[in-house]
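> structure, please.
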Amino acid sequence: MTAEEKAYKVVSKMYDNDPFSQWLGIERLEVGPGHCRLRMKIRREMLNGFAIVHGGITFSLADSAFAFASNSRGRHAVSIDTSISHMVSLKNGDIITATAIEEQLGHRIGHYRVEVRNEAEEMVALFRGIVYRKSQEWEV
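All right, here's what the predicted structure looks like:
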C-alpha cells in the first residue's frame, strides 16, 4: 500500500467514526501523508448572538483537519496543544476551507499549521497544533 493510499484509508476510518465532523458537514477535498484539506458550509445553527459564526465552529473545522493530517501517516496521534487566531468574521452560507500542513514531524511529536480561508481566499483563522504520536498503528 502506498503512503497516499494509507493516508486515505486512515482518514476515511476516522471520518466514518466521527459523528461531530459529519454533523459539521465536512467534505474531504484532499488527503495525503501529513496534510489534509477540508471544506464546509456555515449553517444558521452555527451562528452566535452577533449573527456571525461561533469561534468554536472554525476551531472545530481546523481541529478536524489537524487530526486527519496528523494521523494520516498511520500512527495514532493525539492533540497536546492547540491555538487559534480569528481574523475575519463569517456569516450564514459562507463556505470555508481548512488546509492542514505538517511543519515538523518527529518520532513522538508533530507540529501542524492549519489555515482556514473563505471563498475569497482570505485567511479567516490560523490554527496551530502539536500532537503526541503514540506507538500504536492504525489498522486499515
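> strand partners of the longest strand along the chain, parallel vs antiparallel please.
As assigned by DSSP state E, the longest strand anywhere in the chain is strand 123-137. Next to strand 123-137 in the sheet, as set by DSSP bridges, lie strand 75-86 (antiparallel), strand 109-117 (antiparallel).
> which one of those lies closest to residue 66?
Among these, the nearest to residue 66 by C-beta to C-beta is strand 109-117 (5.2 Å). C-betas here are computed from N, CA, C, even on glycine.
> can you list the buried residues in the closest one?
Buried residues in strand 109-117, counted by 16 or more other C-beta atoms under 10 Å: 110, 111, 112, 113, 114, 115, 116, 117.
> just those residues now: which is nearest residue 25?
residue 116 (14.9 Å).
> what pairs with the closest residue to that closest one other than its chain neighbours across the strands?
Setting aside the residues directly before and after it, residue 116 is nearest to residue 125 in space (C-beta to C-beta, 6 or more residues apart in numbering), at 4.1 Å. Following DSSP bridges, residue 125 is listed with bridge partners residue 86, residue 116.
> same check on residue 98?
With DSSP bridges as the rule, residue 98 is bridged to residue 38, residue 116.
> now do it against residue 40, distance only.
Taking C-beta to C-beta, to the nearest Å as the measure, residue 98 and residue 40 are separated by 8 Å.
> next, show the common contact partners of the two.
Residues touching both residue 98 and residue 40 (C-beta atoms under 8 Å, 6 or more residues apart in numbering): residue 61.
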